[in-house]
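Engineer: Let's see this in three dimensions:
(one chain, ligands or ions: 1)
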Amino acid sequence: MSVNVDVQEKLSRLGIYNELDLILHLPIRYEDETHLFLIGDAPQGHTVQVEGVIIHNEVVIRPRRQLICRIEDDSGILVMRFVNFYSSQIKTYAVGKRIRLLGEIRNGFFGAEMVHPKCRIVRAGESLAHSLTPIYPTTAGLTQKTLAKIIGQGLQDTQTLQALIETVPDKIIRKYRLKGFDDSVMCLHHPSPEESIEALQTRTHPAWRRIKFDELLAQQLSMRVHYRQRRSLNAPVLEQKNTLKDQLLPQLGFELTSAQIKVYAEISRDLTAAYPMQRLLQGDVGSGKTIVAALAALQAIENGFQAAIMAPTEILAEQHFMKLSAWFEPLGVHIVWLSGGMRKKQKQTEMDKIASGVAQLVVGTHALFQSQVVFHQLGLAIIDEQHRFGVHQRLALRMKGTQSDLMPHQLMMSATPIPRTLSMSYFADLDVSIIDQLPPGRSPVITKLIADRRRDEIIARIHFACQQDKQVYWVCPLIEESEALQLQTAMETYQHLRKTFPELNVGLVHGRLSPQEKAEIMLLFKEGKIQLLVATTVIEVGVDVPNASLMVIENAERMGLSQLHQLRGRVGRGPEASICILLFQQPLSKIARERLRIIFEHTDGFEIARQDLQLRGPGEFLGARQSGVPMLRFADLEQDGELLEAAQDCANEMLNNYPELAQQHISRWLGNKTEYLRV
Ligand SMILES: Nc1ncnc2c1ncn2[C@@H]1O[C@H](COP(=O)(O)OP(=O)(O)OP(=O)(O)O)[C@@H](O)[C@H]1O
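Structural biologist: Below is the predicted model of the structure:
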């Protein structure tokens, strides 16, 4: 690109480093200069073009120096404003001249107005210019005009044009009726006036369809390559001996659901392979993922390998530890607990057990992947709530097995259901198992939305519930700006509830307590010795107290959908009918109202996740994945599900039959952005 260093730096901020990046920098929208609105009909809040005669002009000084013109057509009057305007320029906008304006109409101090529109004086007899102007995403200091010019030059460069060669085989182009790649790129940068502006704006135009297909295809290809590369790595072959499993199952006190049996079979089969498993186990809250993870761990252990379970919070890790200890100790399996908050000496003792192989199962938090932790022979790494860990943290745990030159199998668990399109795209390098059934005997949680001013009614309800031997959670608001403030609110609520209910045992659990303190309180709650537990959102994931059947969530309007769903999932885990009360403060923002509606209407985590994806885009689900996986810029998973399926099919066909084109296609779209593929 022949641009100076300053411009180059600005282009790099847009992710443009070479010619190809430049021509794939596509417009975000188009300005329609082919359609004139009548002033009276023009919709507010949209960029529109209007034309009229200047009937008044003046430069006012206060509150700031600006030009104010009134423009009239047959349907109404519009004000045009330019701030910091020099009086000497006023003659350009003389009364009686006809002017055409392009901009957004808003309701301002002077009525309907356009501020700093694109405008020009229309000569007598002039007809409408037919053109659609592309508007590009840009950055500070780089004007639309300059950027459009650089892109225009790029498109004329013969070398660049050569880079536009077709990478998708003819057969696929015909099968899916795709527009040519070079035509599509040209059309999007320079649409001819005959093109439908609506199809271009909504990205349903065949040129957009082609670009989105190519982008999805590149993502699918890179993920499939990664998936296939895994087969060249070595992992321990963990046979299905089933001795420990057969001892554990009769002790459980429940039968596995058919969904649990099915996913365990998938995992168990993967573990017998000589290359590492990378499987994502998804299940809605309370669907019973822990027992499936436990069975997988036993398969590793009975083959003489160690297993590790890593959870994102102390409470969750501690809870896994307690549950697994109860299951595994009768089998004679040695479990070790490791967390950051442990005393040094005790930690060293536990690490020694891990290094010598005495510890067969290790349960813990982030502390597990620290460099001092050396495993004797790690065969299976289980990561709960995988999206809360970074790619690097997960890899660090995977590398723990390298002592023996064998890479451990990896099982990732997620209680935040991932919508199908998302798991087909961003998670395409993983195998996915889904527990799509809840254990029997659960009655669905009833959700109630109650405005905060009706708090008193809730106090009465809690009293009634506790009298009937039920247990209650009271979740304090999430205050993102300040953990200290959140703590303060939790303390105050705790004091207040203790005063209100002197006859009840009220407990408080929050993030600042030491792991032991947290564990003690959770145990008291589990044993029924605490009836009302005031908690911050630390209880969000995994906490399992089946007797708790009433939950109050304060300031529910501040929380995200998946967080609300997770919190609500803490009740409804026993046979008792459960209630979740969402207290909210008014007025509600539009998005908060929408979230509360969704959580009120749905209990199925997959449906909630699908709507959340629509509301907020994929960022929330991907967590740290975002840093490693090729992100989509053009395709929209909700809108382009059909293209995604096509791209998935084609990726397999291209890798099998057209490997060179596949390679070219990946490097066109991802260039050097595929570090992920190497790990
Ligand atoms: N098949 C089953 N029948 C009856 N109860 C079961 C069954 N499987 C698991 N459970 C019980 O259901 C509860 C929820 O299980 P578990 O904690 O594993 O859920 P989870 O999928 O991890 O949910 P969350 O994501 O909310 O933590 C536990 O008390 C568990 O012992």
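Engineer: what about residue 614, helix or strand, and which?
Structural biologist: Using DSSP states H and E, residue 614 falls within helix 605-616.
Engineer: residues in contact with that helix?
Structural biologist: 284-285, 415-419, 421-422, 560-562, 565, 569, 591, 594-595, 598-599, 602, 620-621, 637-638 (Cβ atoms under 8 Å, 6 or more residues apart in numbering). Every C-beta, even on glycine, is put in place using the N, C-alpha and C of the backbone.
Engineer: Quick check: buried residues in that helix?
Structural biologist: 605, 606, 608, 609, 610, 611, 612, 613 (16 or more other Cβ atoms under 10 Å).
Engineer: Mind putting the residues you listed into JSON lines with pLDDT and distance to the ligand?
Structural biologist: JSON lines is the format used below for the buried residues of helix 605-616 (pLDDT from 0 to 100; distance: Cβ to the nearest ligand atom, whole Å):
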{"residue": "605", "pLDDT": "86", "distance to the ligand": "9"}
{"residue": "606", "pLDDT": "84", "distance to the ligand": "14"}
{"residue": "608", "pLDDT": "88", "distance to the ligand": "14"}
{"residue": "609", "pLDDT": "85", "distance to the ligand": "13"}
{"residue": "610", "pLDDT": "83", "distance to the ligand": "18"}
{"residue": "611", "pLDDT": "86", "distance to the ligand": "19"}
{"residue": "612", "pLDDT": "84", "distance to the ligand": "16"}
{"residue": "613", "pLDDT": "80", "distance to the ligand": "19"}
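Engineer: quick one, phi/psi of residue 407?
Structural biologist: With angles defined as degrees, to the nearest 10, residue 407 sits at phi -90, psi 130.
Engineer: Report pLDDT for residue 224.
Structural biologist: Residue 224 carries a pLDDT value of 86.
Engineer: Just give me the neighbour total for residue 334.
Structural biologist: 15 (other Cβ atoms under 10 Å).
Engineer: List the contacts of the closest residue to it other than its chain neighbours.
Structural biologist: Sequence neighbours aside, residue 360 is the residue nearest to residue 334 in space, at 4.9 Å (criterion: Cβ to Cβ, 6 or more residues apart in numbering). Residues in contact with residue 360 (Cβ under 8 Å, 6+ apart) are 301, 306, 307, 333, 334, 335.
Engineer: okay, now the second one: neighbour count?
Structural biologist: Residue crowding around residue 306 was assessed by other Cβ under 10 Å; the count is 26.
Engineer: and what of the first one?
Structural biologist: The local packing of residue 301 (other Cβ under 10 Å) involves 22 other residues.
Engineer: now swap in the third one and tell me
Structural biologist: By the criterion of other Cβ under 10 Å, residue 307 has 30 neighbours.
Engineer: The ligand contacts on the stretch 301-450 of the chain?
Structural biologist: 415, 439 (Cβ under 6 Å from any ligand atom).
Engineer: how about the strands in the stretch 301-450 of the chain?
Structural biologist: 306-310, 335-338, 361-364, 378-384, 409-414, 431-435, 446-451 (DSSP state E, counting those that start in this stretch).
Engineer: In TSV, list those strands along with mean pLDDT.
Structural biologist: Formatted as TSV, the strands of the stretch 301-450 of the chain follow (pLDDT from 0 to 100):
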stretch	mean pLDDT
strand 306-310	94
strand 335-338	92
strand 361-364	94
strand 378-384	92
strand 409-414	90
strand 431-435	90
strand 446-451	92
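Engineer: what's the longest helix in this structure?
Structural biologist: Scanning the chain for the longest helix, with DSSP state H as the assignment, gives helix 206-229.
Engineer: All the strands of the stretch 51-200 of the chain, residue numbers only.
Structural biologist: 66-73, 76-83, 98-104, 106-108, 111-115, 118-121, 132-135.
Engineer: now for the ones you listed, which one comes closest to residue 515?
Structural biologist: Between residue 515 and these, the shortest gap by Cβ to Cβ is with strand 132-135, which sits at 53.2 Å.
Engineer: Give me the buried stretch members for that closest one, please.
Structural biologist: Using 16+ other Cβ under 10 Å as the test for burial, strand 132-135 gives 132, 133, 134.
Engineer: Between strand 431-435 and the helix holding residue 614, find me the angle.
Structural biologist: Interaxial angle, helix 605-616 versus strand 431-435 (axes from the mean of the first three to the mean of the last three Cα atoms, to 10 degrees): 120 degrees.
Engineer: C-alpha coordinates for helix 605-616, PDB please?
Structural biologist: Taking Å, rounded to 0.1, in the frame of the first residue of the first chain, the C-alpha atoms of helix 605-616 are listed here in PDB:
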ATOM      1  CA  GLY A 605     -31.400 -22.600  29.400                       C
ATOM      2  CA  PHE A 606     -31.000 -23.200  25.700                       C
ATOM      3  CA  GLU A 607     -33.900 -21.000  24.700                       C
ATOM      4  CA  ILE A 608     -32.600 -18.300  27.100                       C
ATOM      5  CA  ALA A 609     -29.200 -18.600  25.700                       C
ATOM      6  CA  ARG A 610     -30.500 -18.200  22.100                       C
ATOM      7  CA  GLN A 611     -32.400 -15.000  23.000                       C
ATOM      8  CA  ASP A 612     -29.300 -13.800  24.900                       C
ATOM      9  CA  LEU A 613     -27.300 -14.300  21.800                       C
ATOM     10  CA  GLN A 614     -29.700 -12.100  19.900                       C
ATOM     11  CA  LEU A 615     -29.700  -9.500  22.600                       C
ATOM     12  CA  ARG A 616     -26.000  -9.200  23.200                       C
END
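Engineer: neighbours around residue 252, how many?
Structural biologist: 11.
Engineer: just the buried residues of strand 132-135 now: which is nearest residue 492?
Structural biologist: Closest to residue 492, out of all of the buried residues of strand 132-135 and judged by Cβ to Cβ, is residue 134, at 55.2 Å.
Engineer: Chain neighbours aside, what residue packs nearest to that closest one?
Structural biologist: Closest residue to residue 134 apart from its sequence neighbours, by Cβ to Cβ, 6+ apart: residue 27 at 3.6 Å.
Engineer: My read is that residue 546 contacts residue 574, right?
Structural biologist: Yes. In this structure residue 546 lies within contact range of residue 574 using Cβ atoms under 8 Å: 3.5 Å.
Engineer: So what's the model's average confidence on the helix or strand in which residue 600 is found?
Structural biologist: Using DSSP H and E, residue 600 falls within helix 590-601. For helix 590-601, the mean pLDDT works out to 91.
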